[in-house]
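Novice: give me the fold of what follows.
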Amino acid sequence: MREHTEHTGQEGTAPSTAAEEALGAVLLRRATTALEEHTVPTAYTLIRQALVIRQNPDAQELAELTDSLLTHCASLASNLEAIPAEARPARGAGALRDWAQLQKDGPADGPLGNWSHARQLALVARNMLQALDAHRDGAPDRAPYIGRPTLPPLAPTPR
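Specialist: Numbering: from 1, shown residues only. Coordinates of the predicted model:
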């Protein structure tokens, strides 16, 4: 009987080329876009919900809204931090700075502290989403052409 051995994929593999890495980035961006199709509308709904609060909301409702906003902000922040600093939109850098400050400070004391904190989280989340959109709009949609730039084109072959 043959024993099962685990293949790590490291033996005999060549380092990836720039074209392969670019193609991988495009595929990752497409997969991320598909995942975001569900989460982005949800985040915008939460942001809208937090920004339209005009009266003193129920404490439980506000706590659930704040918890959801914290979760979205943490996820969006990790996506923004994955963008190299030189390619990150200015709005994204500001949103990350504000997010760090909100995490450090937390809600203020007083009757409007929790309400104000939820609104600030919503503004930060909105800025993060807009920065990610701006970065995505500026990124190429497809991988660069992989071919034989120094050689003539290949003639089609019959199959």
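Novice: use CA for all of it now, contacts and neighbours both
Specialist: Fine.
Novice: low-confidence ranges in the chain?
Specialist: For the chain, applying pLDDT under 70 flags the ranges 1-38, 139-159.
Novice: what do you get if the cut-off is 80, keeping everything else the same?
Specialist: Scanning the chain with the threshold set as pLDDT under 80 gives 1-41, 53-57, 110-111, 137-159.
Novice: which residues in it form helices?
Specialist: 18-51, 59-81, 90-105, 113-138 (DSSP state H).
Novice: roughly how far does the spatially closest residue to L96 that is not a sequence neighbour sit from A108?
Specialist: Nearest-residue entry for L96: A77, 6.4 Å, with adjacent residues in sequence omitted and distances by Cα to Cα, 6 or more residues apart in numbering. Distance of A77 to A108, given as Cα to Cα, to the nearest Å: 22 Å.
Novice: which one's more surrounded, the two?
Specialist: Shown here are A77 and A108; by other Cα atoms under 10 Å, A77 has more neighbours (23 against 12).
Novice: the more buried one: what's it in contact with?
Specialist: Each residue near A77 by Cα atoms under 8 Å, 6 or more residues apart in numbering is listed here: 96, 99, 128.
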